[in-house]
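Peer 1: The sequence isn't on hand, but the structure is:
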């Protein structure tokens, strides 16, 4: 039973698939965060300002939003493990395209990275759903989702070191090669955990099937609406916190960046804590509602930050905000797995993630527009309103 080439279930199977799913999630996420870390060094050779990395990020999330629903059709045909391998290869290849040093190559790279990243979560969810006991569902999914902030931390730590050692062009090739090696390392697990459905192989792939499932299922639809709203709050917080603290609280870039790091770390820890809480209370929906409410309160409090605030208080507020607005994802993924019809976990997760990613694409530009009209007070009140609307969607009952 311990041989990964043999089909395995229960705790033994989970001991193999959880590390595999988490590693795949970590490295595909690292490819998403990599352009932001590479931008200062690469922009000189490419001939574009480093600030345009925001456009690259938006393009990657847009591509991820479009690609995520396709997992529902691909996972049954290919297997969740092979799908995870494919995501690694595609996202790594996307980052490697930037070595071509041309604006068109950068656009292509952003899109390909997103195409690789989008289906990785549905594939991992389908893999874990088969081997996770219901009483552990939230914490296991939350552990897997910590791969996202860990991937960001990995990119932030390793890429600057690689740039200083071998230059940025060789760095992107090394990162792409690392994804290839991880994909190859997962190959021995395929025989034991992938069981492609011949009927699915013969059936036409359809993103429309995923959308029909989402729109016809009341719980999936309401969770997805909340994910769209919470995703918008999450990326707006992460994208504008440093600028806000520099401009409004008059912090240095270094001290403001440390505040963001504290918020990110709190989000990673929060994903674990909220998963444990959801399993302990056996009510993931209540945990999501609480996190949405905390996010709304923190957004309102952010409007009061001034240069007179103690630095420790700013760190504390950002940490609580980060724990809530960055920490809900694991419980959300677990709740999708719970309410999805049997055998439709990947399809439901992919369709729902389109909503979450699309919120991440659309909210930051709207936040910037609101800032231009009413300043940070109006911007953070908008985020509070989005969080409250997400809570209302989860509270609604027919």
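Peer 2: All right, it came through fine. These figures come from a predicted structure and were not determined experimentally. Numbering: from 1, shown residues only.
Peer 1: CA only for contacts and neighbour counts going forward, please
Peer 2: OK.
Peer 1: surely residue 378 meets residue 372?
Peer 2: No: contact criterion CA atoms under 8 Å: residue 378 and residue 372 do not qualify, at 9.4 Å.
Peer 1: neighbour count winner among the two?
Peer 2: Taking other CA atoms under 10 Å, residue 378 and residue 372 do not tie; residue 378 has more neighbours (17 against 12).
Peer 1: And the helix or strand where residue 34 lies, what's buried?
Peer 2: Per DSSP states H and E, residue 34 falls inside helix 10-46. Neighbour-count burial for helix 10-46 flags 13-14, 16-18, 20-39, 41-43, 46 (criterion: 16 or more other CA atoms under 10 Å).
Peer 1: counting contacts, what elements does it pack onto?
Peer 2: helix 53-67, helix 80-97, helix 103-117, helix 120-129, helix 137-145, helix 147-166, helix 168-186 (3 or more CA pairs under 8 Å, 6 or more residues apart in numbering; DSSP states H and E).
Peer 1: Roughly how far does the closest residue to residue 287 other than its chain neighbours sit from residue 177?
Peer 2: Spatial nearest neighbour of residue 287, excluding adjacent residues (CA to CA, 6 or more residues apart in numbering): residue 278 at 6.1 Å. Separation of residue 278 from residue 177 (CA to CA, to the nearest Å) stands at 38 Å.
Peer 1: the more surrounded of the two?
Peer 2: residue 278 (23 against 16).
Peer 1: element containing that one?
Peer 2: Here residue 278 sits within helix 253-281, counting by DSSP H and E.
Peer 1: now swap in residue 132 and tell me
Peer 2: With DSSP H and E as the test, residue 132 turns up in no helix or strand.
Peer 1: Quick check: it touching residue 16?
Peer 2: No: in this structure residue 132 lies outside contact range of residue 16 using CA under 8 Å: 11.5 Å.
Peer 1: List the buried residues in the helix holding residue 278.
Peer 2: 255-257, 259-279.
Peer 1: before we move on, the earlier item: closest to residue 360 out of the helices and strands packed on helix 10-46?
Peer 2: helix 53-67 (7.2 Å; CA to CA).
Peer 1: So for residue 256, what's the pLDDT?
Peer 2: According to the prediction, residue 256 has pLDDT 82.
Peer 1: so what's it up against?
Peer 2: The contact partners of residue 256, by CA atoms under 8 Å, 6 or more residues apart in numbering, come to 241, 242, 243, 245, 246.
Peer 1: Okay, the spatially most central residue of the chain and residue 114: tell me how far apart.
Peer 2: The chain has residue 148 as the residue nearest its centroid, 5.6 Å off, counting by CA atoms, centre = their mean. Counting by CA to CA, the gap from residue 148 to residue 114 is 14 Å.
Peer 1: ditto for residue 49
Peer 2: Distance of residue 49 to residue 114, given as CA to CA: 21 Å.
Peer 1: So between those two, which is more surrounded?
Peer 2: Just comparing residue 49 and residue 114: by other CA under 10 Å the higher neighbour count belongs to residue 114, 31 against 12.
Peer 1: For residue 101, which non-adjacent residue is spatially closest?
Peer 2: In space, residue 101 is closest to residue 46, 5.3 Å off (CA to CA, 6+ apart).
Peer 1: List the contacts of the one you found.
Peer 2: By CA under 8 Å, 6+ apart, the contact set of residue 46 is 101, 102, 103.
Peer 1: phi, psi of the first one?
Peer 2: This points to residue 101. The phi/psi pair for residue 101 (degrees, to the nearest 10) reads phi 50, psi 60.
Peer 1: likewise the second one?
Peer 2: Main-chain torsions, residue 102, degrees, to the nearest 10: phi -150, psi 140.
Peer 1: Now do the residue nearest to it when sequence neighbours are not counted, the pLDDT please.
Peer 2: In this structure, residue 102 finds its nearest non-sequential neighbour in residue 46, 5.9 Å apart by CA to CA, 6+ apart. Residue 46 is assigned a predicted lDDT (pLDDT) of 79.
Peer 1: need the helices for the stretch 251-398 of the chain, in chain order.
Peer 2: 253-281, 284-302, 311-325, 329-339, 345-395 (DSSP state H, counting those that start in this stretch).
Peer 1: Next, count neighbours for residue 342.
Peer 2: Number of residues near residue 342 (other CA under 10 Å) recorded here: 9.
Peer 1: again with residue 184
Peer 2: If you count neighbours by other CA under 10 Å, residue 184 ends up with 13.
Peer 1: With residue 246 instead?
Peer 2: Around residue 246 there are 17 residues (other CA under 10 Å).
Peer 1: hang on, isn't it packed against residue 254?
Peer 2: No: look at residue 246 against residue 254 with CA under 8 Å: they stay out of range, at 9.5 Å.
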